[in-house]
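Trainee: predicted model and sequence below, questions to follow.
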Amino acid sequence: MEFVLPAIALLLLLLAGGGILLLLITRTRKIDVLEFFSLSFLLGCIFISLSSFLLGWLLSGVALRVAVSFFCLMIFGLGFVQAKRLPIIITGIIPQAPKDFLLFTILLLSFGWLTWFSARTGLGWDGVFHWEIKARLAFENGGALPLSYLTEKTLWFSHRGYPLLLPLSEAWFYGWIGQAHQGLIKLFFPLFFLAALGLLATFEGSRKVAAPLILCFVPLVLFGDGSVSAGYADFPVAVYYLGAVIYLLKYWQDNGAESLRIFAVLSLALPWTKQEGNVLFVILAALLLLKILAQKNSWQARLRLALLALAPGFLLLLGWGIFVKVFKTPVEQYYLSPTFATLKANLNRTPVILRWLKKEIVDWNHWGILWLTFPLSAVLLMFSAQRQRAIILTFTVILPVAAYTGIYYFVATERISIEEWLLTSLSRLMLHVAPVAVLIIGSSLDSKKISEAVPDELQIVQ
Amino acid sequence: MSFMNNKFLAAIRFGLIATVIGFGGWRYAELKPYQYVSYETGINQPDAAYDAILRGTLRTYKDSPQLKASAHPTEALRQAIKQLPHKDGILFLGSLKNPGHLALRLIANTLSWPQPLYNPGCGDAYPGDPPPDNFQASGAIFYHASPPATMTTKKTFLPEMIVTQAPEKTAWNSFCPQ
């Protein structure tokens, strides 16, 4: 029974995610099983955490679990009917080409190793004291976070105002297991890694081996603070960011409502997973608005598109902020007021910030040579068929890194020095964009040369 | 861009992927992740993370007959806290300078929920989480500190960590150990 109950919890999560995905697709199409699994898992976590949060106001314990399970099955049922009607065909379940066998072997070996490694190592500090603690308290409260926790003075260390995608997803498994189980929950985190591999393998429509293989060899993804095995929210937010970037690119190329809908749902998870997700969401929103503004539709049509894509994320971002304010959750005073005067006063931090950024980029133990290869790959991609894609992808890496480094001008240094801030957080912040950097390297490795290129404009028309 | 022919690009691509993977793999191997693998930590242990921290922090673990008997030190601590009566909260007493103070306090804080766990920060420059005025302690956890003589109901969790019940009749105002 030890594995059966968490397996049921995972199955329901996947069914809910799969159902949502099938409902988001509104035309006849084929979808790769790897992409289908990856998106089902990511969307499933969003659904489970949000429904637990919302239904948790009315129900708790078994009633809450039954209600969430019912909605999981109902959404899958609706999605299944939609898939039959259109039809939507899931392909590639049985590997046929040698490339498929190679890819499946890589996925199996890397996922197997990481699962074993996770099972045999403990959660990291933040994994235990920032995230798992919320899941534990939610479980003990019947599946929803107790409101008294938000103002509990002595639990200040657990960052009470952090968003809840990860804790409530963990609490979902705890509910099915029947206890807060720090051992079994470690099997949950490698699924984010598998989802990232699936997205990287299928982002161009056909299966690619290079990008997932590269991700398997980025040391900080596998091991250390913020890695998959540590149980932090940094890697999950990185996977949601990767998914949102991929669907932003797809929308950029096909102008399809389907891509926009999937982008909207994936991007709403960014502020729901981690506070820094707000920064990532705003950057993606700005890029999407650029694209929408450049279109030749009426302004009403453009407004409708912008609302469709960005309203869910902004509602969640603002809603959570209001929720935290209404319940008077004390926000730790880590940041100074974001004014021009503060920036001016702290400009002397620039050399320290740049020195640490340089140090991080060439930290082989964290990244191998990922960040040295990234600019070269971006240039290679510029010479390839998809120059527009190269530019957008490059921005989705550079802008967050620039924004994150900018945050260090506004951190309070009364108790923690700027060096300590950088030491403890910079690598984890860069992890958020690392899978997209891997995507760029993977794209540059597989792209066609200029003479074979189809101009971007033609691709959009097609 | 005539030099950007297929063979040239293919060579660059192959070189890039081999270098990225080779270098990353080498650094990962150099980090020796397997040395962090513990067969004491497993998916069958509900308190795997807490147990690992407790075992790692409490250096007398191997010599402690109480903990040797218990394969799950977190469960032993949970039971000790559970036996305390419910009042305004529990105190965690000891200096922040002691090894593992913060981790043990946070674990105790989580296990004591919904009873809050206050830390007056005895002798530390950092004020800690002092209890409110007119606080009625249900008990205290002394870490690297001795309880006052008036506290007779105590359970030694470890020589370094003592869980005590607050005295029923005697007023206890000075929380920090002498």
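Mentor: Great, that's in hand.

Trainee: lowest average confidence, helix or strand, in the chain?
Mentor: I went with chain A, as the question did not name one. Least confident helix or strand of chain A, by mean pLDDT, DSSP states H and E, is helix A:456-461 with a mean of 36.

Trainee: let's do chain B instead
Mentor: helix B:65-69 (a mean of 60).

Trainee: next one, pLDDT for B:S70 please.
Mentor: Each residue has a pLDDT score; the one for B:S70 is 64.

Trainee: can you check A:V4 too?
Mentor: A:V4 is given a pLDDT of 92.

Trainee: okay, now the closest residue to chain B within the stretch 351-462 of chain A: neighbour count?
Mentor: Scanning the stretch 351-462 of chain A for the residue nearest chain B gives A:G368, at 3.0 Å (criterion: CB to the nearest CB). Bear in mind the C-beta positions are built from the backbone N, C-alpha and C, glycine included. A count of nearby residues for A:G368, using other CB atoms under 10 Å in any protein chain shown, gives 25.

Trainee: OK, contacts around it?
Mentor: Residues touching A:G368, when contacts are defined by CB atoms under 8 Å, 6 or more residues apart in numbering or on different chains, comprise A:F217, A:V218, A:P219, B:V20, B:F23, B:G24, B:G25, B:W26, B:R27, B:Y28.

Trainee: how far away is the third one from B:L31?
Mentor: Counting by CB to CB, to the nearest Å, the gap from A:P219 to B:L31 is 6 Å.

Trainee: for the second one, same thing?
Mentor: Relative to B:L31, A:V218 is positioned 12 Å away (CB to CB).

Trainee: tell me which of these two has more neighbours.
Mentor: Under the criterion of other CB under 10 Å, the comparison of A:V218 against B:L31 puts A:V218 first, with 25 against 18.

Trainee: wait, doesn't that one sit right on A:I369?
Mentor: No - counting by CB atoms under 8 Å, A:V218 does not reach A:I369; the two are 10.0 Å apart.

Trainee: need phi/psi at A:W57.
Mentor: When quoted as degrees, to the nearest 10, the phi and psi of A:W57 stand at phi -70, psi -30.

Trainee: can you report how many residues lie near it?
Mentor: Other residues within reach of A:W57, judged by other CB under 10 Å, total 10.

Trainee: I'd say it and A:G142 touch.
Mentor: No - checked against CB under 8 Å, the pair A:W57 and A:G142 is beyond contact range at 11.6 Å.

Trainee: quick revisit: buried subset of the contacts of A:G368?
Mentor: In terms of neighbour count (16 or more other CB atoms under 10 Å in any protein chain shown), the buried residues within the contacts of A:G368 are A:F217, A:V218, A:P219, B:V20, B:F23, B:G24, B:R27, B:Y28.

Trainee: shaky segments in chain B?
Mentor: Residues of chain B that meet the criterion pLDDT under 70 lie in B:1-5, B:37-41, B:59-71, B:123-127, B:152-159, B:169-175, B:177-178.

Trainee: state which helix of it is the longest.
Mentor: In terms of residue count, the longest helix belonging to chain B (DSSP state H) is helix B:6-30.

Trainee: need the residues touching each of A:P219 and B:L31.
Mentor: The contact sets of A:P219 and B:L31 overlap at A:N365 (CB under 8 Å, 6+ apart).

Trainee: ok, longest strand in chain B?
Mentor: strand B:137-143 (DSSP state E).

Trainee: quick one: distance of that one to the chain centre.
Mentor: The chain centroid and the centroid of strand B:137-143 are separated by 16 Å under CA atoms, centre = their mean, to the nearest Å.

Trainee: quick one: the residue lying closest to A:F101 once chain neighbours are set aside from chain B, how far?
Mentor: The spatial neighbour of A:F101 that comes closest, neighbours along the chain excluded (CB to CB, 6 or more residues apart in numbering or on different chains), is A:P95 at 5.0 Å. As defined by CB to the nearest CB, to the nearest Å, A:P95 lies at a distance of 21 Å from chain B.

Trainee: if I look at the closest residue to chain B within the stretch 151-300 of chain A, how far off is A:L439?
Mentor: Taking CB to the nearest CB as the measure, the point where the stretch 151-300 of chain A comes nearest chain B is A:F217, at 3.4 Å. In this view, A:F217 and A:L439 are 15 Å apart by CB to CB.

Trainee: repeat for A:G77
Mentor: 34 Å.

Trainee: neighbour count winner among these two?
Mentor: A count of neighbours by other CB under 10 Å puts A:L439 above the other of A:G77 and A:L439, at 28 against 12.

Trainee: so B:E168, which state does it fall into?
Mentor: Each residue gets one of three states, and B:E168 gets coil by DSSP: H, G, I helix; E, B strand; the rest coil.

Trainee: quick one on the thing from earlier: mind putting the contacts of A:G368 into a markdown table with distance to A:A390?
Mentor: Written out in a markdown table, the entries for those read as follows (distance: CB to CB, whole Å):
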| residue | distance to A:A390 |
| --- | --- |
| A:F217 | 23 |
| A:V218 | 21 |
| A:P219 | 26 |
| B:V20 | 18 |
| B:F23 | 23 |
| B:G24 | 23 |
| B:G25 | 27 |
| B:W26 | 29 |
| B:R27 | 27 |
| B:Y28 | 28 |
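
Trainee: nearest residue to A:G231 other than its sequence neighbours?
Mentor: Sequence neighbours aside, A:G127 is the residue nearest to A:G231 in space, at 3.0 Å (criterion: CB to CB, 6+ apart).
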